[in-house]
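Enquirer: Fold the following and give me the result.
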Amino acid sequence: MARLTPLPLRFVSPKWAADVPSPPHDALDAQGRRAHVHQHPQSFLAVTKSLEDAEPGVDSHQLLADGRAALERLLADGVFGSMTSPAYRVYQLEHNGHRQTGIVAGVSVDDYDNGVVRVHERVHRDRARHLAEHLQVVGVQSAPIAIAFSDRGEQADAAAVMAEVTAGQTPFLDITGSDGLRQQLWTVEDDQHRIRVERALSTAPLYLIDGHHRAAAASEHHRGHRRGQGNDEPSQWVLATLFPLSELRSRAIHRVLVGVDVARLIGAIEDRFPTRNTSDPAVVVAREPHELALAIGGQDRSIAAGPRWMLFSVADLAGGTPNPLESTDPVRLSASVLNPILGIDESGGDHRLRYRPGDADAAGIVTASGEGELVFVMRPIENQTLVDVSERGLVMPPKSTYFVPKVRAGLMLRSM
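Expert: This next block holds a predicted model:
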């Protein structure tokens, strides 16, 4: 049974709301994040810099100290309001005609550790460790992990409560960013609403959909506090937003290779798998389920008429009982190319591999193909596949799923 708790939080002041909440961390590469902070010095990205964002000569300890200093500057400038009383909040995101609404709550770290909150992706160990140190040094949770619940049966009452709250109250925060994302927040004030939310979600299957590294970091942070200081109550909970599964919209997250021997890689793929080539993005979109797609950029192959793609057929990874992992592009790619040919272990991280969210339609595929890059074009993971993988205790490589719109860091703060 899942345990939830209402949390005391601080929220960004409306007058700062256009500047402080940051774009999704993985929507930009390290260079893009550095550029964003340079252009928007009040952005919360200055607080949440990752290891790859560090300038030359800056180690992880200095990076964390800089993040703490950036937070203190924001607090001194009055960017965030006063700490509120513990409560559940309704959080609604709307972008490009799509709307999803969730409950902001504390979710027990023990439920993550014990598998009550199901996971579906491996994590990079160094990144999780850095985020745990971030919680210790910077001292706040600022981006809720995103959890999905199956909104059927009794669980549908949680969605009903959210509808009643949003229809009956004025949001206390309503902001629209430069990217067109509208974010609204309401407080769950009625005790009966609170009881209904807890009853509905305590028995619902919970699926972690975004924030695997943050959840792992919260778990590590909590274990450290229990060893050193006994049971530290704030560390028992991780800031989360719980969304109905039916409202989630999945996008592709492509694999980008840099610094590899292009000719050798293409030769190895051609030696191992049946291949065919195309310059038509519609053919890439309509490729067979067992085919993977490699986009080849400018300096390595001529793209005078646009990008070119190699489609290669990967046989089933295993026989016997159908395995939901086998239908996913990230797993097929890792098992057939990244690991055996390039020696890339995604659970450990590798500087040659980057991730780029995007669309899987023809326009998105063309955009994904940058000059001089090798891009493996991924298809989005379907919601039911995520559920099947999670329920069977299986895991995909990191960054296999990408749900939009994403919750944003710097909208709310929870003190650790």
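Enquirer: make it CA atoms for all contacts and neighbour counts henceforth
Expert: Fine.
Enquirer: need the contact list for Pro8.
Expert: For Pro8, the contact set (CA atoms under 8 Å, 6 or more residues apart in numbering) comprises 83-87, 414.
Enquirer: Quick check on those residues: which are buried?
Expert: Buried members of the contacts of Pro8, counted by 16 or more other CA atoms under 10 Å: 87, 414.
Enquirer: what's the burial count for Ala17?
Expert: Counted with other CA atoms under 10 Å, residues neighbouring Ala17 total 22.
Enquirer: Report the secondary structure state of the closest residue to it other than its chain neighbours.
Expert: With CA to CA, 6 or more residues apart in numbering as the criterion, Ala17 has its nearest non-adjacent residue at 6.6 Å, and that residue is Ile175. Following DSSP: H, G, I helix; E, B strand; the rest coil, we place Ile175 in the strand state.
Enquirer: pretty sure Ile175 is touching Glu94, no?
Expert: No - if you go by CA atoms under 8 Å, Ile175 and Glu94 don't touch, sitting 10.5 Å apart.
Enquirer: what residues are shared contacts of those two?
Expert: Here Ile175 and Glu94 have 182-183 as joint contacts, going by CA under 8 Å, 6+ apart.
Enquirer: what's the average pLDDT for the helix or strand in which Tyr207 is found?
Expert: Using DSSP states H and E, Tyr207 sits within strand 206-210. Strand 206-210 shows a mean pLDDT of 96.
Enquirer: gap between Ser369 and Arg251?
Expert: Ser369 sits 16 Å away from Arg251, going by CA to CA, to the nearest Å.
Enquirer: which one of the two has more residues nearby?
Expert: Remark: of Ser369 and Arg251, Ser369 carries more neighbours, 24 against 21, as counted by other CA under 10 Å.
Enquirer: which residues does the residue positioned nearest the centre of the chain contact?
Expert: Nearest to the geometric centre of the chain sits Asp210, at 3.8 Å (CA atoms, centre = their mean). Residues near Asp210 by CA under 8 Å, 6+ apart: 145-147, 402-403.
Enquirer: what about the residue nearest to Ala17, how many neighbours?
Expert: 18.
Enquirer: So in terms of bridging, what pairs with it?
Expert: Note on Ile175: beta-bridge partners by DSSP bridges are Gln183.
Enquirer: what sits against it?
Expert: Going by CA under 8 Å, 6+ apart, Ile175 touches 14, 17-18, 182-184.
Enquirer: From Lys399, how far out is the residue nearest to the centre of the chain?
Expert: Going from Asp210 to Lys399 by CA to CA gives 9 Å.
Enquirer: can you check Gln100 too?
Expert: Distance, Gln100 to Lys399, by CA to CA: 21 Å.
Enquirer: pretty sure Val165 is in a helix, no?
Expert: Yes - checked against three-state DSSP, Val165 lies within a helix.
Enquirer: Please list all residues in contact with the residue nearest to it when sequence neighbours are not counted.
Expert: Sequence neighbours aside, Val188 is the residue nearest to Val165 in space, at 6.8 Å (criterion: CA to CA, 6+ apart). The neighbours of Val188, taking CA under 8 Å, 6+ apart as the test, are 87-90, 165, 194.
Enquirer: Could you dump those residues into TSV and include pLDDT, secondary structure and distance to Pro289?
Expert: Converted to TSV, these look like this (pLDDT from 0 to 100; DSSP: H, G, I helix; E, B strand; the rest coil; distance: CA to CA, whole Å):
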residue	pLDDT	secondary structure	distance to Pro289
Ala87	98	strand	46
Tyr88	98	coil	42
Arg89	98	strand	41
Val90	98	strand	39
Val165	98	helix	43
Arg194	97	helix	44
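Enquirer: Now compare these and name the two farthest from each other.
Expert: The span of the contacts of Val188, defined through CA to CA, is set by Ala87 and Val165 at 13.2 Å.
Enquirer: Would you quantify the distance from Asn323 to Val331?
Expert: 11 Å.
Enquirer: more neighbours, the two?
Expert: Between Asn323 and Val331, counting by other CA under 10 Å, Val331 is the more crowded of the two (19 against 16).
Enquirer: Which of the helices or strands spans that one?
Expert: Assigned by DSSP H and E, Val331 belongs to helix 329-333.
Enquirer: who touches that helix?
Expert: 292, 314, 317, 325-326, 378-379, 396-397, 400.
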